[in-house]
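Asker: Structure for the following, please:
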Amino acid sequence: MSDRTARAFNTFFVLAVFGLFAVCSLFVVLFGANVYHKIVSDLDANNEVRTSISYVSNKVRSADAGDVAVRTVDGRQVLVISRKYSGKEYSTYIYQYRGSLYELFTDAENQPVPGDGDKITALSGFSASKNGDRLTVSVTGQDSRTASAELVLV
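Answerer: Predicted structure coming up:
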């Protein structure tokens, strides 16, 4: 082998190793991006249900036991928290409608209309049941993850 051929072979070998390194680096970056995307997606889905349960739990904890009720309004299960302000009674309605958890604060005499109020978070299901001094709240996220909380009303 001549000196020129050896130098060409060395150059080719170095470029081939560099190319292999570049391709492997690209695959590692793509694999890492997919893993990151899945982790973020799982965190978002988990936070969706956890945030909903936490929100409803804190609303219930801020109320007196006698002020919390579960009712059916227009065929929907609704958590109702009633309070008096300046001698007038108001109600907070928490319910699921069209893929979202809603909260409506209104005069207790007003009947809630589905879709009224503020969207809290995306949910595909919401249920609440009251048994004596215990309130059970369950939520289902868009990806079918569920979470429940059992609260003692005091």
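
Asker: Tell me where the chain has helices.
Answerer: With DSSP state H applied, the chain shows helices at 3-61, listed in chain order.

Asker: remind me which residues of it are low pLDDT?
Answerer: Screening the chain residue by residue with the criterion pLDDT under 70, one finds the ranges 1.

Asker: State the distance from the most centrally placed residue in it to residue 139.
Answerer: Nearest residue to the geometric centre of the chain (CA atoms, centre = their mean): residue 48, 0.5 Å. Note on residue 48: its distance to residue 139, by CB to CB, to the nearest Å, is 9 Å. (C-beta placed from N, C-alpha, C; glycine too.)

Asker: Could you do residue 103 as well?
Answerer: Residue 103 sits at a distance of 13 Å from residue 139 (criterion: CB to CB).

Asker: Backbone dihedrals for the nearest residue to the residue nearest to the centre of the chain once chain neighbours are set aside, please?
Answerer: Here the nearest residue to residue 48 in space, its sequence neighbours aside, is residue 141; by CB to CB, 6 or more residues apart in numbering that works out to 4.5 Å. Backbone torsions of residue 141, given as degrees, to the nearest 10, read phi -80, psi 180.

Asker: so what's residue 141 up against?
Answerer: Shown here is residue 141, whose contacts under the criterion CB atoms under 8 Å, 6 or more residues apart in numbering are 45, 48-49, 52, 122-124, 147.

Asker: ok, so of these, who is nearest residue 94?
Answerer: Residue 94 lies nearest to residue 52 out of the contacts of residue 141, by CB to CB, at 9.6 Å.
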